[in-house]
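Undergrad: fold the following and give me the result.
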Amino acid sequence: MSDELKALSERISKLEKAVFGRTRAQRIVHSKVEDDYRGATGGVRLLIDDKFFASKRGLGDTRAALAKHNYHYSVQAVHITLNRLSKPSGPLVVFKEGGKKVYAQRK
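TA: Okay, the predicted model is just below:
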């Protein structure tokens, strides 16, 4: 009888995962892998880890630094990445100097 209950419990668990999906905590952990430097976001994360944003940097400086690390992306792709990483919960902060956005590491 306990084998039947165990089998039913496993089936219910599988069905719950299929219907309700993963929890929010599992999605967040999955999406923020520390050592994953793939794509434009990964390249900017690599620059953050290298302390590139210790001083204020613009979009052009960021693209040049990404190119040195063999990350070649369009202006739009890097701009969107910087905007996403400079949200209130992100690792970067954005300022406007002379009408241009500059990015620095959040303290």
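Undergrad: let me see the mean pLDDT of stretch 44-53.
TA: Mean pLDDT, stretch 44-53: 93.
Undergrad: what comes into contact with it?
TA: Contacting residues not belonging to stretch 44-53 are listed as 36-37, 62, 65-66, 69, 71, 78, 81-82, 85, 91-92, 103-105 [C-beta atoms under 8 Å, 6 or more residues apart in numbering]. Glycine gets a C-beta too; all of them are placed from N, C-alpha and C.
Undergrad: what about 6 Å?
TA: Applying C-beta atoms under 6 Å, 6 or more residues apart in numbering, the external contacts of stretch 44-53 come out as 37, 65, 81, 91, 103-105.
Undergrad: would you turn those into CSV with secondary structure and neighbour count?
TA: Shown next, in CSV, are the contacts of stretch 44-53 (DSSP: H, G, I helix; E, B strand; the rest coil; neighbours: other C-beta atoms under 10 Å):
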residue, secondary structure, neighbour count
Tyr37, coil, 16
Ala65, helix, 18
Thr81, helix, 21
Pro91, coil, 15
Tyr103, strand, 25
Ala104, strand, 15
Gln105, strand, 16
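Undergrad: quick check: which element contains Lys14?
TA: Using DSSP states H and E, Lys14 maps to helix 2-20.
Undergrad: going by neighbour count, list what's buried in that helix.
TA: Buried positions in helix 2-20, judged by neighbour count with 16 or more other C-beta atoms under 10 Å: none.
Undergrad: in this protein, where is pLDDT below threshold?
TA: Regions of the chain meeting the criterion pLDDT under 70 cover residues 1, 22-35.
Undergrad: how about the helices in the protein?
TA: Using DSSP state H, the helices assigned to the chain run over residues 2-20, 24-31, 39-49, 59-68, 75-85.
Undergrad: now tabulate those helices in TSV and tack on distance to Gly98.
TA: Listed next are the helices of the chain as TSV, based on distance: least, C-beta to C-beta, whole Å:
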stretch	distance to Gly98
helix 2-20	50
helix 24-31	34
helix 39-49	22
helix 59-68	13
helix 75-85	17
